[in-house]
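Trainee: Could you look at this predicted model? Sequence included:
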Amino acid sequence: MIILIALLLWTRPADAHPLHLSITNITYENGKLAVSMKTFRDDWETAYFHYHSQPVDLLDPSEREKPWFGEYLESCFTISAGKEREPFSMVVDTIMFDEESMVIEMEATVPDRLKSLYIYNALLVDIWPDQTNLVIFGSDERETGIKFDVKKRDEVVLVK
């Protein structure tokens, strides 16, 4: 019985979420993309430790200003007018925290008359082999859901 109690108490807080998941909403309207990405903060902190062998606390705004945060986001999540095209410049508007989650809100101005968008989403798949990145893309009263993971990292979606 004592061994069972010890095992139950030994569970680390990092094991609090058994799924490695992000959910991203992308809305295209009037030549602008609005992006809201919800992830687990500790998954990002684990990724930082993986690359730098140092802990990081993303609740501290100065820690988020380290170049790694933006560089990692830009290398793992891009949207462009085509696979071989330059990614749109995404501007991070806000980063919010709620218990275990972190929400990153971004925006980009895109060319008019887009027919499709190329979305690349490999967020945290280099850290967690079971990472799933769900994307909901909406434009003109139409929504498309896409699942990205270690095997599928990109997709083209029709804008209209």
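Mentor: Great, that's in hand.
Trainee: helix or strand for Pro129, which one?
Mentor: Using DSSP states H and E, Pro129 maps to neither a helix nor a strand.
Trainee: give me every residue that touches it.
Mentor: Pro129 sits next to Val150 when contact means Cβ atoms under 8 Å, 6 or more residues apart in numbering. Backbone N, C-alpha and C define where each C-beta goes, glycine included.
Trainee: cool, and Val135?
Mentor: Here Val135 is in contact with 23-26, 119, 121, 145-148, 155 (criterion: Cβ under 8 Å, 6+ apart).
Trainee: what do you get for Ile127?
Mentor: If a contact means Cβ under 8 Å, 6+ apart, then Ile127 has 43, 46-47, 50 as its contacts.
Trainee: Reformat those into TSV and put distance to Arg113 and pLDDT next to each item.
Mentor: As requested, these are exported to TSV (distance: Cβ to Cβ, whole Å; pLDDT from 0 to 100):
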residue	distance to Arg113	pLDDT
Asp43	37	95
Thr46	41	94
Ala47	37	94
His50	41	93
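Trainee: quick one on the thing from earlier: of the contacts of Val135, keep whichever come out buried.
Mentor: A residue is treated as buried here by neighbour count (16 or more other Cβ atoms under 10 Å); on that basis the buried members of the contacts of Val135 are 24-26, 119, 121, 146, 148, 155.
Trainee: What residues of the longest helix anywhere in the chain count as buried?
Mentor: Ranked by number of residues, the top helix in the chain under DSSP state H is helix 41-52. Neighbour-count burial for helix 41-52, with 16+ other Cβ under 10 Å as criterion, is recorded at 41-48.
Trainee: And for stretch 84-101?
Mentor: 88, 90, 92, 95.
Trainee: Need the residues that contact that stretch.
Mentor: Under Cβ under 8 Å, 6+ apart, the answer for stretch 84-101 is 16-17, 33, 35, 38-42, 58-59, 64, 70, 73-74, 77-81, 102-110, 118, 120.
Trainee: any chance you could map the helices in this protein?
Mentor: Along the chain, the segments classed as helices by DSSP H run 2-9, 41-52, 61-64, 67-76.
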